[in-house]
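Q: the following comprises the amino acid sequence and a computationally predicted model.
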Amino acid sequence: MINNKKMLIIDDDRQRCHDLKTIFNFIGESCLETNSADWRKNLQNPVEFVGILLGQLDHYLDISSAIKEIHEIDETLPVIMLDDVHVSGNISSQASQQIVGRLSWPLKQNQILEAIHSCQYCRDNQRSLREGTKSLELFRSMVGQSGAMQGIRRLIEQVASTDASVLILGESGTGKEVAARNLHYLSNRSDKPFVPINCGAIPAELLESELFGHEKGAFTGAITARKGRFELAQGGTIFLDEIGDMPLPMQVKLLRVLQERTFERIGSSQSIKADVRIIAATHRHLDMEVSENRFREDLFYRLNVFPIEMPALRERVDDLPMLVNELVTRLENDNRGSVRLSPNAVQSLMSCPWPGNVRELANLIERLCILYPYGVVDVKDLPVEYQKSEGIESYPQPELAEWQSRNQQNNLQASAESISNLPENGVNLKEFVTKLEISYIEQALAEEDWVVARAAKRLGMRRTTLVEKMRKYDLQKAS
């Protein structure tokens, strides 16, 4: 936890309070437990705490009274409630802003880390609580507590309320559009459209029509009038992604819109006022593009009013464990599966170069959810290019597991020796092969902790084939 700040747990359920402390200690987070009668004694210095976790409060008729008292002591101290805690009294809008999350019991590690992350973000950006609830939503999409990400969040908060043009720079996959959406969400234009367009994905001859629209009959195929992206974004924000790939002729027309704040549809002479906030992004180094005459210098300076440079993932690898948890949580919320990574697997990923940045990490997590559904992934289970085992010590196999493995191998060897000669009375080959197949499948599943994908790999078959055989032979993990 940042600066070793503690979580204050207020819960009159003594057993649950003890369990909560054990969980926090297990995941390496500091906490202090107390009850609803004595909690004020522990909150003499609120800056020591990252947040408050509220459980059963027998000393209060309604939890709203406790929240009001917390608000009076420190209006920026985040509050998290357990899901069986209900608020029936009235809470002021300022005090209700302090409630940044709920946790369901029994707790899951992802839930705890996300809740702690929420509190950390609020404590690092305390004025967010005073200015409104919108800033609290930033942590949901811009995950990370590294210095680089905290700097990005501060820049976004500073420029969001203005109409200044913003140029977002960074490698592919670093989250440039995520930053743009946060800028729009925190701006005064958040109730108006956010309209993105990828300038590099649209052919040059169609880009003008996409941006400014056209009138009926303006060119072959224009059978009806059509609004462009600037018109669709009126009052809101237009996001010009990959602006560095925009053709030079279009750069001239865009510059005119920036200068005069007006544009015309193709085939029309009527000017339309452009009440639009412009955010542009590119993975290119525009200053070099300007020096090589591939990008207009005057347009560059018009766009570069407020530059924000997104850091590459390899420059903030300390954020990777938090990113993994966030990505897994999103997949769980979308009912697209789940997976857990061992500490060694996470450490291995932190040693990778990540040329595709966060987008590459998101794709990897989704792939692991498919390969090892609801399983635990270790270093050896990662794709080969992500296995960086230098300096990582493998967990020793328990003696019981080693004994079971040796015993199974001995049994299999004895079985093989016993059938080296065909019995005089013959053998039911089909029945024998079935028993042998079941034996191997059970062995593979047991050795791989019933992670089907890994067992299938050991058996040299597809996961779906193994699932069918498990269904056929009614093989299930013992409860």
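A: Okay, I see it. Note that the structure is a prediction, hence the values are computed from the model and not measured.

Q: quick check, Leu299 in a helix?
A: Yes. Counting by DSSP: H, G, I helix; E, B strand; the rest coil, Leu299 is found in a helix.

Q: assess the claim that it and Leu255 are in contact.
A: Yes. With contact defined as Cβ atoms under 8 Å, Leu299 reaches Leu255; the gap is 4.7 Å. Just so you know, the C-beta spots here come from the backbone N, C-alpha and C atoms, and that holds for glycine as well.

Q: when the two are compared, which one has more neighbours?
A: For Leu299 and Leu255, the more surrounded residue by other Cβ atoms under 10 Å is Leu299, and the numbers stand at 23 against 16.

Q: got a list of what that one touches?
A: With Cβ atoms under 8 Å, 6 or more residues apart in numbering as the criterion, the residues that contact Leu299 are 251, 254-255, 258.

Q: reformat these as JSON lines; add distance to Leu57, secondary structure and pLDDT.
A: Rendered in JSON lines, the data for those read as follows (distance: Cβ to Cβ, whole Å; DSSP: H, G, I helix; E, B strand; the rest coil; pLDDT from 0 to 100):
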{"residue": "Gln251", "distance to Leu57": "62", "secondary structure": "helix", "pLDDT": "94"}
{"residue": "Leu254", "distance to Leu57": "58", "secondary structure": "helix", "pLDDT": "93"}
{"residue": "Leu255", "distance to Leu57": "61", "secondary structure": "helix", "pLDDT": "93"}
{"residue": "Leu258", "distance to Leu57": "56", "secondary structure": "helix", "pLDDT": "92"}
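
Q: neighbour-wise, give me the winner out of the residues you listed.
A: The contacts of Leu299, ranked by neighbours (other Cβ under 10 Å): first place Leu254, 26 neighbours.

Q: from what I see, Trp450 and Lys477 are in contact.
A: Yes. With contact taken as Cβ under 8 Å, Trp450 and Lys477 are classed as touching, separated by 4.5 Å.

Q: who has more neighbours, those two?
A: Neighbour totals were compared for Trp450 and Lys477, and Trp450 leads with 16 against 9 (other Cβ under 10 Å).

Q: tell me the secondary structure at that one.
A: Three-state secondary structure (criterion: three-state DSSP) places Trp450 in coil.

Q: any idea how far Gly55 is from it?
A: 34 Å (Cβ to Cβ, to the nearest Å).

Q: give me the residues contacting stretch 32-46.
A: 6-12, 17-18, 20-21, 49, 56-60, 66, 69-70, 73-74, 77.

Q: just the ones of those residues in helices?
A: Residues of the contacts of stretch 32-46 located in helices (DSSP state H): 17-18, 20-21, 66, 69-70, 73.

Q: name the spans of the stretch 51-200 of the chain whose pLDDT lies under the cut-off.
A: Applying pLDDT under 70 to the predicted model, the residue ranges of the stretch 51-200 of the chain that meet it are 86-95, 121, 124-141.

Q: test my guess that Thr237 contacts Asn182.
A: No. Taking contact to mean Cβ under 8 Å, the distance of 11.0 Å between Thr237 and Asn182 leaves them out of contact.

Q: shouldn't Ala280 be within a strand?
A: Yes. With the criterion set as three-state DSSP, the secondary structure at Ala280 is a strand.

Q: in which helix or strand does the residue of the chain most remote from its centre reside?
A: Relative to the centre of the chain, and counting by Cα atoms, centre = their mean, the farthest-placed residue is Glu424 at 64.8 Å. Assigning secondary structure by DSSP states H and E places Glu424 outside every helix and strand.

Q: any idea how far it lies from Phe432?
A: Here Glu424 is placed at a distance of 16 Å from Phe432 (Cβ to Cβ).

Q: same question, Ser439
A: When Ser439 is compared with Phe432 (using Cβ to Cβ), they lie 11 Å apart.

Q: next one: Lys469
A: Taken as Cβ to Cβ, the spacing of Lys469 relative to Phe432 amounts to 16 Å.

Q: and these two? which has more neighbours close in?
A: Taking other Cβ under 10 Å, Lys469 and Phe432 do not tie; Lys469 has more neighbours (16 against 12).

Q: my guess is the more buried one contacts Glu437. True?
A: Yes. In terms of Cβ under 8 Å, Lys469 counts as a neighbour of Glu437; the distance is 7.3 Å.

Q: which residue ranges form the strands in the stretch 251-400 of the chain?
A: Assigned by DSSP state E, counting those that start in this stretch, the stretch 251-400 of the chain shows strands spanning 262-263, 272-273, 277-282, 306-309, 340-341, 376-377.

Q: would you turn the ones you listed into CSV with mean pLDDT, distance to Ala446 and mean neighbour count?
A: Shown next, in CSV, are those (pLDDT from 0 to 100; distance: least, Cβ to Cβ, whole Å; neighbours: other Cβ atoms under 10 Å):
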stretch, mean pLDDT, distance to Ala446, mean neighbour count
strand 262-263, 92, 68, 18
strand 272-273, 92, 70, 14
strand 277-282, 96, 51, 25
strand 306-309, 95, 51, 16
strand 340-341, 89, 20, 20
strand 376-377, 86, 15, 18
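
Q: turn those strands into JSON lines, columns for distance to Ser161.
A: What follows is these, written out as JSON lines (distance: least, Cβ to Cβ, whole Å):
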{"stretch": "strand 262-263", "distance to Ser161": "25"}
{"stretch": "strand 272-273", "distance to Ser161": "22"}
{"stretch": "strand 277-282", "distance to Ser161": "11"}
{"stretch": "strand 306-309", "distance to Ser161": "12"}
{"stretch": "strand 340-341", "distance to Ser161": "39"}
{"stretch": "strand 376-377", "distance to Ser161": "43"}
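
Q: ok, which of the ones you listed comes nearest Asp163?
A: Distances from Asp163 to each of those were compared by Cβ to Cβ, and the smallest falls on strand 277-282, at 5.4 Å.

Q: just the C-alphas of that closest one, formatted as CSV.
A: Extracted as CSV, the C-alpha positions of strand 277-282 are listed here (Å, rounded to 0.1, in the frame of the first residue of the first chain):
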residue,chain,number,x,y,z
ARG,A,277,-13.4,20.1,-28.8
ILE,A,278,-10.5,18.5,-30.7
ILE,A,279,-8.4,15.7,-29.3
ALA,A,280,-5.8,14.1,-31.6
ALA,A,281,-3.5,11.1,-31.1
THR,A,282,-0.6,9.5,-32.9
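
Q: who are the packing partners of that strand?
A: Using 3 or more Cβ pairs under 8 Å, 6 or more residues apart in numbering; DSSP states H and E as the contact criterion, the secondary-structure elements in contact with strand 277-282 are strand 166-169, helix 176-185, strand 237-241.

Q: quick one: distance of it to the chain centre.
A: Using Cα atoms, centre = their mean, to the nearest Å, the distance from the centre of strand 277-282 to the centre of the chain it belongs to is 23 Å.

Q: what is the orientation angle of that strand with helix 176-185?
A: Note on geometry: by axes from the mean of the first three to the mean of the last three Cα atoms, to 10 degrees, strand 277-282 and helix 176-185 are set 170 degrees apart in direction.

Q: and Lys430, how far from Glu437?
A: Here the criterion is Cβ to Cβ. By it, Lys430 lies 11 Å from Glu437.

Q: so for those two, which residue has more residues nearby?
A: Neighbours around Lys430 and Glu437, counted as other Cβ under 10 Å, are more numerous at Glu437. The numbers are 14 against 8.
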